[in-house]
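Visitor: sequence and predicted structure, then a few things I'm wondering about:
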Amino acid sequence: MSGADVYLCLGSNVGDRADRIAEGIVRLERAGVSVTARSSVYETEPVGVEDQPWFLNQVVRGTTRLAPTVLLEACKRIEGDVGREPSDLRFGPRPLDIDILLYGMRVIAGERLTVPHPRMRDRRFVLVPLIEIAPRLVDPRDGEAYADILERLDEGKKVSRSLPNES
């Protein structure tokens, strides 16, 4: 069996944000995700809880033979290894967050995992880097291009390419 194409979004707004994202990618590769593309790193305004430091976010494309729920467990383990506590406030500050955006063209609606990510169509900080590395990618649920979704999105949150030495 060949691996599934997956898209993951990594984010951090605690500590050395760039280092935490880089470490997350290294750990994903060790866990069984072969990273084949990386977006630029973007500095992004927080969503949900606004009184917190801005995030760095990056989207990666990879292939994996891990089942979707096994990939989710790997992501949660990596987040914990890099310092995220299970009690961290939802949408609050965190050293590392890894979200599974897409798992091939599969649609998954489980208790613990929903793919495509349920909020990705509403988040500029996900769509901008996603489209950078996959400009023709479409939503597997309805075939709509993510670039078209971004064009209509008016969430009002700032997303800007980060300089390499910023953290």
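Guide: All right, it came through fine. Residues are numbered from 1 along each chain as shown.
Visitor: from here on, contacts and neighbour counts on C-alpha atoms
Guide: Noted.
Visitor: now the terminal residues of stretch 59-70, how far apart.
Guide: 19 Å (CA to CA, to the nearest Å).
Visitor: count of neighbours near the residue lying closest to Cys75 once chain neighbours are set aside?
Guide: Once flanking residues are discounted, Cys75 sits nearest to Ile98: 6.0 Å by CA to CA, 6 or more residues apart in numbering. Neighbours of Ile98 under the rule other CA atoms under 10 Å: 23.
Visitor: so where do the strands sit in the chain?
Guide: Per DSSP state E, the chain carries strands over the ranges 4-12, 33-38, 42-44, 55-64, 97-103, 108-109, 114-115, 159-161.
Visitor: coming back round to it: against Ala31, how distant is the residue nearest to Cys75?
Guide: 13 Å.
Visitor: was I right about the residue nearest to Cys75 contacting Ser12?
Guide: No - judged on CA atoms under 8 Å, Ile98 makes no contact with Ser12 at a distance of 9.1 Å.
Visitor: hang on, the earlier thing: mean pLDDT and distance to Glu151 added to the strands of the chain, as CSV?
Guide: Listed next are the strands of the chain as CSV, based on pLDDT from 0 to 100; distance: least, CA to CA, whole Å:
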stretch, mean pLDDT, distance to Glu151
strand 4-12, 97, 20
strand 33-38, 98, 22
strand 42-44, 94, 18
strand 55-64, 97, 18
strand 97-103, 97, 19
strand 108-109, 96, 26
strand 114-115, 96, 22
strand 159-161, 87, 14
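Visitor: so which of those strands gets nearest Asp122?
Guide: Closest approach to Asp122 among the strands of the chain is made by strand 97-103 (12.4 Å; CA to CA).
Visitor: in this structure, where is pLDDT below threshold?
Guide: Along the chain, segments meeting pLDDT under 70 span 1, 87-89, 163-167.
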